[in-house]
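[1] let me see the structure of the following:
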Amino acid sequence: MTSTSTLAQSVLRKPAQLFESYVFDLDGTLYLGDELLPGAAHLVQTLRALGKRVLFCSNNPTRKPQQYAAKLISLGISTDTCDVITTSMTTVRWLAENASKGKRIFVIGEQPLKDSISAAGLELSEDPRELDIVVASYDRGFDYRKLKIAFEALAVHRRAILVSTNPDRFCPLPGGFGDPDAAAVTAAIEASTGLTAVAQMGKPSAFMFETIRALTGIDPATTVVVGDRLTTDIAMGAGAGTSTALVLTGESTLDDVDRTEADERPTYIVRSVADLLPGPLERAAL
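    Numbers count the residues shown, from 1 in each chain. A predicted model of the protein is given here:
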């Protein structure tokens, strides 16, 4: 992916101070695929040594929080599962609050998401005649059979509602390419049924940040959200009233910032997470 442009008007802006809490995106921000991005481990280690709260937030529900924690540990970033918040968690929370007992749910998603929903005591089904909620998510096994079940539940029997785990168009991978993400699945269902998802539980939704705040108690006024996507990471932080920092190691570029409304632009723009520490700390050894 191209991270800068000679025609871009936006400029890099580093933070001059530390924050009490840091909410980091994962793919494209701290790592790409199975490769840790330069400076990520040192940054997290430094922040923790200074007593700052470090949290990790992903729109990808194909892994459980403990799997993300294990991945970060394998890459050299010590992580507790309680510091990881994903759309599988927010989706389960939304369903628990909005799906009354006995309602049946069809999940177009991968097994970790299904397991999380089942573990919460919610009932899964693939019978379109009895479905109440269709959940559209990142699903590398998405096929016509699943689309047909959703279509019949939503457009033929007309008793179900459609929700989405996240609005991402693709999941970034090393080399500048990615897999089609939940937005592609949701769009196929919306196109065939003429309906629109009534809720989505990932970044940039307010529901995602509300969940983070409920679980951790962080204060938006002393928090910075760090990510590579203007439309999800940065938009969530802006909507929640936090500071925001865009890294140029993933999807969004300086040109993209130029095309963004002024009040939706990131507070800071850095080449990578290695540039998030103020100058003196950036050079200090632990």
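[2] ok, which stretches of the stretch 101-250 of the chain are helices?
    In the stretch 101-250 of the chain, the helices defined using DSSP state H, counting those that start in this stretch lie at 111-119, 144-151, 182-193, 206-216, 235-240.
[3] tell me how far the third one is from the chain's mean position?
    I take that to be helix 182-193. Mean C-alpha position of helix 182-193 versus that of the full chain (C-alpha atoms, centre = their mean, to the nearest Å) differs by 19 Å.
[4] follow-up on the earlier one: which one of the helices of the stretch 101-250 of the chain lies closest to F56?
    helix 206-216 (10.3 Å; C-beta to C-beta). (Each C-beta comes from the backbone N, C-alpha and C, glycine too.)
[5] tell me the mean pLDDT for the closest one?
    Averaged across helix 206-216, the pLDDT comes to 96.
[6] for that helix, name the packing helices and strands.
    The helices and strands touching helix 206-216, judged by 3 or more C-beta pairs under 8 Å, 6 or more residues apart in numbering; DSSP states H and E, are strand 53-58, strand 84-86, helix 87-98, helix 235-240.
[7] picking that back up, please work out which of the helices of the stretch 101-250 of the chain is packed deepest.
    Counting by mean count of other C-beta atoms under 10 Å, helix 235-240 has the highest mean neighbour count of those, with a mean of 22.
[8] dump it to PDB, restricted to CA.
    This file holds the C-alpha atoms of helix 235-240, laid out as PDB (Å, rounded to 0.1, in the frame of the first residue of the first chain):
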ATOM      1  CA  ALA A 235     -13.900   8.000  13.000                       C
ATOM      2  CA  MET A 236     -14.600   6.000  16.200                       C
ATOM      3  CA  GLY A 237     -12.200   8.100  18.200                       C
ATOM      4  CA  ALA A 238     -13.600  11.400  16.800                       C
ATOM      5  CA  GLY A 239     -17.100  10.300  17.500                       C
ATOM      6  CA  ALA A 240     -16.200   9.400  21.100                       C
END
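[9] contact partners of it?
    Helix 235-240 is contacted from outside by 23, 203-206, 208-209, 213, 220, 223-225, 227, 243-244, 263-264, using C-beta atoms under 8 Å, 6 or more residues apart in numbering.
[10] on that earlier part again, CSV for the helices of the stretch 101-250 of the chain, including distance to Y138?
    Putting the helices of the stretch 101-250 of the chain into CSV (distance: least, C-beta to C-beta, whole Å) gives the following:
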stretch, distance to Y138
helix 111-119, 8
helix 144-151, 13
helix 182-193, 5
helix 206-216, 15
helix 235-240, 18
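[11] which one of those lies nearest to V84?
    Between V84 and these, the shortest gap by C-beta to C-beta is with helix 206-216, which sits at 10.2 Å.
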